[in-house]
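>>> turn this into a structure:
(one chain, ligands or ions: 1)
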Amino acid sequence: MVITGLGAVTSIGLGVEAFAAGLREGRSGVRPITAFDTAGFAHANGCEVTDFVPEEWIERTDPAELGRASRFSVAAARMALRDARLTDADVRGRASLVSMGTTDGESRDLDDLVAAQVERGSEHVDPALARRIGAGRLSSGIVAELGLTDVEAVTIPTACAAGNYAVGYGFDAVRCGDVDLALCGGADALCRKTFTGFYRLGTIAPDACRPFDRGRQGILTGEGAGVLVMESLGSALARGARIYAEVLGYGLACDAFHPVAPDRDGITRCIRLAHRNAGVRPEDVDLISAHGTGTKANDVTESGAIRQVFGESPPPTVSIKAMIGHTMGAASALSSAACALAIDQGFIPPTINHTEFDPECGLDCVPNEARVADLRIVQNNALAFGGNNAVILFGRYQER
Ligand SMILES: CC(C)(COP(=O)(O)OP(=O)(O)OC[C@H]1O[C@@H](n2cnc3c(N)ncnc32)[C@H](O)[C@@H]1OP(=O)(O)O)[C@@H](O)C(=O)NCCC(=O)NCCSC(=O)CC(=O)O
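Predicted structure coming up:
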């Protein structure tokens, strides 16, 4: 099972080349939020996608039919397909899967509908907005755009681990022969509801996100989409496709420990399950792409779980959320894309904004500067509210 195409809509770059360059440079997508009126919040930085013009990426669908998250997901799917050098005609009649993860679905539209209802009354709720809010549109929008005819489409709402769930779903579908091709990932749009929720929990950083830093103060909300084209090795080889990486296996484990606090032992269990399913030993892992939200609670708990599994010298462990913010349902999909790029291009993306090592975390977070590295096996952690955890292992493809 291999990855042959990548699509990325992020605050540090649109498309796989720009995203890869941003990861290497340690680019920051942080800026003051413009998506909604931030009056009343003491601080409101975020990682918004500001240069996205849907018409530049979406070919067949009228963007007005899609909410912002669906525009991202459809655009990322288009990018991924193009990157995989597949045309619409190549994929249209093939047995395929579209699986997209999300935290909030079309939350931006929901914000607007609620505002219209509260401020002006239900007769002012726009039916054009009302018909595009179903979260299922994140995947069915891709089906419509590509004109797929033999396809299963699923949208998975397991919050901030949803991208990894979607990739895992695709892994199973291709591996068991149900489908030839899977487009898997996640998408979310920055919105008032999510920002306000995290703000009220006390988890929004005032300026920047500093994962694993002693002075970390929380997350910055972000937005975007990541999509991976996945196919069997046989299919990729038969068409001479470029192979970024193999998907080796994954583990899902829900500890349901607490609505918002992570549980070290639950995370440990999930990592061990992923290793077992992928046939990987801890000492084989060259890099961990952490969930690394930059909250006090996440980073110390995730680090504790990593040390339980890997001992006192874990592999380098980075968080790309320092660059692109917490993109919610897109987060682990974009991290999956980053893992594939890291393996393919031989580098470790840095954890930017780092000023002070935190001995409580005790990890080599590859501070501030990317590193050249020969990576064979890379682990992608995704941890969600409610203890819904998902960990994937990627490997370098070696001709056999
Ligand atoms: C919401 C919380 C701040 C807890 O708030 P509470 O109001 O219950 O307060 P509390 O008494 O538990 O915590 C008070 C102080 O302790 C810190 N704190 C809490 N738990 C901690 C832990 N295990 N280790 C170290 N510090 C901890 C808090 O940041 C806060 O710091 P101080 O006193 O300095 O202010 C925390 O649970 C939290 O940060 N949760 C989010 C963790 C996270 O990032 N998860 C990622 C997966 S979820 C995700 O990615 C999103 C999604 O799925 O939707």
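
>>> now for the worst-scoring helix or strand of the chain on mean pLDDT, which elements pack on it?
Lowest on mean pLDDT, DSSP states H and E among the helices and strands of the chain sits helix 127-130, with a mean of 90. Under the contact criterion of 3 or more C-beta pairs under 8 Å, 6 or more residues apart in numbering; DSSP states H and E, helix 127-130 touches helix 107-120. Yep, even glycine has a C-beta here, placed from its N, CA and C like the rest.

>>> for the helix or strand harbouring residue 141, what is the average pLDDT?
Taking DSSP states H and E as the criterion, residue 141 maps to helix 137-146. Averaged across helix 137-146, the pLDDT comes to 98.

>>> now stretch 85-92
According to the model, stretch 85-92 has a mean pLDDT of 97.

>>> next one: the least confident helix or strand of the chain to chain centre, how far?
How far helix 127-130 lies from its chain's middle: 27 Å, per C-alpha atoms, centre = their mean, to the nearest Å.

>>> mind listing what's buried in it?
Within helix 127-130, the residues scored as buried using 16 or more other C-beta atoms under 10 Å are residue 129.

>>> related to what we said a few turns ago, who touches the helix holding residue 141?
58-61, 66-67, 69-70, 73-74, 77-78, 81, 88, 91-92, 98-100, 102, 105-106, 148, 151, 153-155, 183, 187, 227 (C-beta atoms under 8 Å, 6 or more residues apart in numbering).

>>> just the strands in the stretch 201-350 of the chain please.
For the stretch 201-350 of the chain, the strands defined by DSSP state E, counting those that start in this stretch occupy 224-231, 245-254, 287-289, 317-318, 347-348.

>>> now the last one: mean pLDDT?
Looking back up the chat, that one is strand 347-348. Strand 347-348 carries an average pLDDT of 98.

>>> quick check: next helix or strand after that strand?
Downstream of strand 347-348, the next assigned helix or strand under DSSP H and E is strand 371-372.

>>> direction included, what does that next one pair against?
Using DSSP bridges, strand 371-372 pairs in its sheet with strand 347-348 (antiparallel).

>>> so how far is the partner strand from its chain's centroid?
Its chain's C-alpha centre and that of strand 347-348 lie 18 Å apart, by C-alpha atoms, centre = their mean.

>>> repeat that for stretch 280-287.
Chain-centre distance of stretch 280-287: 22 Å, with C-alpha atoms, centre = their mean.

>>> quick check on the contacts of helix 137-146: which are buried?
58, 61, 66-67, 69-70, 73-74, 77-78, 81, 91, 98-100, 102, 105-106, 148, 151, 153-155, 183, 187, 227.

>>> measure residue 374 to residue 284 for me?
With distances taken as C-beta to C-beta, to the nearest Å, residue 374 is found 13 Å from residue 284.

>>> more neighbours: these two, which one.
Neighbours per residue (other C-beta atoms under 10 Å) separate residue 374 from residue 284, with residue 284 holding more: 16 against 9.

>>> test my guess that that one contacts residue 378.
No: here residue 284 does not reach residue 378: they are 10.4 Å apart, not a contact under C-beta atoms under 8 Å.

>>> which of the strands of the stretch 201-350 of the chain is buried the deepest?
The highest mean neighbour count among the strands of the stretch 201-350 of the chain, using mean count of other C-beta atoms under 10 Å, belongs to strand 224-231: a mean of 33.

>>> which one in this protein is furthest away from the centre?
Distance from the C-alpha centroid of the chain peaks at residue 123, with 36.9 Å (C-alpha atoms, centre = their mean).

>>> wasn't that residue part of a helix?
Yes: according to DSSP: H, G, I helix; E, B strand; the rest coil, residue 123 belongs to a helix.

>>> do you know which of the strands of the stretch 201-350 of the chain lies nearest the ligand?
Closest to the ligand of the strands of the stretch 201-350 of the chain, according to C-beta to the nearest ligand atom: strand 245-254, at 11.8 Å.

>>> and the closest one, which strands flank it?
Paired neighbours of strand 245-254 in the sheet (DSSP bridges): strand 2-10 (antiparallel), strand 388-395 (antiparallel).

>>> tell me the angle the longest one makes with strand 224-231.
On the basis of axes from the mean of the first three to the mean of the last three C-alpha atoms, to 10 degrees, strand 2-10 is oriented at 170 degrees to strand 224-231.
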